[in-house]
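S.K.: Just need the structure, nothing else, for what follows:
(one chain, ligands or ions: 1)
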Amino acid sequence: MAGLARIALASSAGFRTLKPVLLLCLLAALVLAEPNAVGQSDYTPAPENLKARKEFQDARFGMFIHWGVYSVLGAGEWVFRDRKLTVDEYNHLPLFFDPEKFDAKVWVDLAKASGMKYITITSRHHDGFAMFDSKLSDWTVVKRTPYKRDPLKMLADECHRQGIKLFFYYSQLDWHNPDYYPRGWTGWDSGRPNAGNWDRYLDEYMDGQLSELLSNYGPIGGIWFDGMWDKPDADWHLSKTYALIHQLQPAALIISNHHQTPKPGEDVQTFERDLPGHNSAGFNTQYISNQLPLESSDTVNESWGFNIGDDKYKSPEELVHRLVRAAGNNSNLLLNVGPMPNGEIQPEFVSRLLAVGQWLSKYGDSIYGTRGGPIPAGDWGVTTRKENKIYVHVLDWAAPLLALAPIPGTITAANSLADGSPLEFTQNANGVILRLPQAQNHEADRVVVLTWQKPN
Ligand code: JFZ
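M.R.: Residues are numbered from 1 along each chain as shown. Presented below is the predicted three-dimensional model:
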């Protein structure tokens, strides 16, 4: 009940001459219209959008990058709020952002060597700071930092050169712009006035910046929204914003981290730090779209933005497991790095990502281009499928025999993906029993390829 209903109430004096019943019906209709929850009504994805969705699914593995002026403090991307800084205080940070070691080629090379097929980078985070050359304010990397250049332009050019799709993370939540008002649940008195123009924030500022991102960086993969959860009941003018994006670039995918059921106009459902539907993070939805591509984001340590106090790095095996479990749940994994203020990615991340890339160079067939497999996932592992193959990913199973649930159709062969060697198996009405190859030391995943003759 935002926009329309508010207008209805505000102008209710004009309705006084109407019969009360009629007035009630009118109000109910307006409330039911729920503009904030609607998204882009009557949205039909363009053919190039449907093609992009399939390519997105086939990619299965992307690099998430959280990088901004907050990186200077090495305390994560929420430092503005965590320390309850004022806008004036936070305004010092851009003065120290001068990433002399930033080289877009090094980042894209790393993504490629790690087996990642797309990149999603923060074009602006909750601090509202544009990491690109925006003409809509002076709160930008070009106007406020000694660096004075547009790193997203360099990254976009390099991604185009190397054939990697680039997505822009865009925070709808803004801790810096006074027009982000009324503030949401993360808001505090950051020295901003207790007044602002919400419609101007969305229609002029945000849509203006999004137009820049969709016009000045060549074809982009899409926009990854975040922050709506700050004001769940507000009217975000989604219909307008989503239509604008799809009009400027019909193939661009709209992804929103709002933790809710997908809304019309969105092209991918993303789950933060979670497998689809599991909601182990506590803030995701359990609803899983059976229409849209799925994505699950995660961190290498426990932070998104560069954080010198976080050394809880996941092992390469653990990262492979997360990628495999995502694929087994029919989902992409968007794995995050938080580059340092000097523009380098810390060695702890690089070595781990390269290890995942090494694993993928050997086992990639069982991940890329696959969809979630026909056998339910279990503690032991997951399955993926592609054409007439089922890939059984044995992640945690010590015994020599593994019993799987029944599969329709006939399994005609079982082979180890690592060396192609045939494996013994039996199939009957109770399921499929596999004799597994001996686990090698530090082997993240034993992949068994089943050749599958589906029933007609
Ligand atoms: C959001 C961001 O706040 C975070 O900085 C990062 O960019 C991540 C990918 O997305 O994370 C959230 C969003 C909402 C909640 C928690 C973390 N929430 O509602 O509790």
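S.K.: tell me which parts of this protein are close to the ligand?
M.R.: 77-78, 226, 229, 257, 272, 283, 297, 304 (C-beta under 6 Å from any ligand atom). Glycine gets a C-beta too; all of them are placed from N, C-alpha and C.
S.K.: so which pair among those is furthest apart in space?
M.R.: 77 and 283 (16.8 Å; C-beta to C-beta).
S.K.: how close does residue 48 get to residue 269?
M.R.: Residue 48 is 20 Å from residue 269, where distance means C-beta to C-beta, to the nearest Å.
S.K.: So the two - more neighbours on which side?
M.R.: residue 269 (25 against 13; other C-beta atoms under 10 Å).
S.K.: in a strand, that's where that one is, yeah?
M.R.: Yes - applying DSSP: H, G, I helix; E, B strand; the rest coil, one finds residue 269 inside a strand.
S.K.: surely it meets residue 289?
M.R.: Yes - here residue 269 reaches residue 289: they are 4.5 Å apart, a contact under C-beta atoms under 8 Å.
S.K.: Where does the closest residue to the ligand within the stretch 101-250 of the chain sit: helix, strand or coil?
M.R.: Distances between the stretch 101-250 of the chain and the ligand by C-beta to the nearest ligand atom are smallest at residue 229, namely 4.3 Å. The three-state label given to residue 229 by three-state DSSP is helix.
S.K.: okay but it is in contact with residue 283, surely?
M.R.: Yes - if you go by C-beta under 8 Å, residue 229 and residue 283 touch, sitting 7.4 Å apart.
S.K.: mind listing the strands for the stretch 251-400 of the chain?
M.R.: 253-256, 268-272, 294-299, 331-337, 371-372, 381-386, 389-394 (DSSP state E, counting those that start in this stretch).
S.K.: State the mean pLDDT of the third one.
M.R.: Taken as a whole, strand 294-299 has an average pLDDT of 98.
S.K.: before we move on, what about the second one?
M.R.: If you average the pLDDT over strand 268-272, you get 95.
S.K.: Partner strands of it, with direction?
M.R.: Applying DSSP bridges, strand 268-272 is found paired with strand 253-256 (parallel), strand 294-299 (parallel).
S.K.: List of residues touching it?
M.R.: Residues from elsewhere that reach strand 268-272, judged by C-beta atoms under 8 Å, 6 or more residues apart in numbering: 53, 56, 222, 224, 253-257, 259, 262, 276-278, 281, 283-284, 288-289, 292-297, 331, 334.
S.K.: next one: the longest one
M.R.: Here strand 331-337 makes contact (C-beta under 8 Å, 6+ apart) with 56-57, 59-66, 116, 120, 270-271, 275-276, 293-300, 304, 319, 322-323, 326-327, 345, 349, 353, 356, 372.
S.K.: tell me the phi and psi of residue 130?
M.R.: phi -80, psi 120 (degrees, to the nearest 10).
S.K.: So for it, what's the nearest residue that isn't a sequence neighbour?
M.R.: residue 140 (4.1 Å; C-beta to C-beta, 6 or more residues apart in numbering).
S.K.: same thing with residue 85?
M.R.: Using C-beta to C-beta, 6+ apart and skipping the chain neighbours, the partner closest in space to residue 85 is residue 190 (6.8 Å).
S.K.: That neighbour looks like it's in a helix, true?
M.R.: No - looking at residue 190 with three-state DSSP, it is coil, so not inside a helix.
S.K.: ok, it - how many residues close by?
M.R.: So residue 190, with other C-beta under 10 Å, has 18 neighbours.
S.K.: What distance do you get for it to residue 177?
M.R.: Counting by C-beta to C-beta - residue 190 and residue 177 are separated by 11 Å.
S.K.: likewise residue 250?
M.R.: 29 Å.
S.K.: These two: who's more crowded?
M.R.: Between residue 250 and residue 177, counting by other C-beta under 10 Å, residue 177 is the more crowded of the two (18 against 13).
S.K.: Contact partners for that one?
M.R.: Applying C-beta under 8 Å, 6+ apart, the residues near residue 177 are 128, 137, 139, 196, 201, 205.
S.K.: In the stretch 301-450 of the chain, what residue comes closest to the ligand?
M.R.: residue 304 (4.4 Å).
S.K.: Helix, strand, or coil at whichever residue of the stretch 51-200 of the chain sits closest to the ligand?
M.R.: Per C-beta to the nearest ligand atom, residue 77 is where the stretch 51-200 of the chain lies closest to the ligand, at 4.8 Å. Secondary structure for residue 77, judged by three-state DSSP, is coil.
S.K.: got a list of what the closest residue in space to it that isn't next to it in sequence touches?
M.R.: Excluding its sequence neighbours, the residue lying closest to residue 77 (C-beta to C-beta, 6+ apart) is residue 305, at 3.2 Å. Contacts for residue 305 (C-beta under 8 Å, 6+ apart) come out as 66-68, 70-71, 75-79, 125, 338.
S.K.: What values do phi and psi take at residue 305?
M.R.: According to degrees, to the nearest 10, residue 305 has phi -80, psi 160.
S.K.: Stretch 195-210: which residues count as buried?
M.R.: 196, 198, 201-202, 205-207, 209-210 (16 or more other C-beta atoms under 10 Å).
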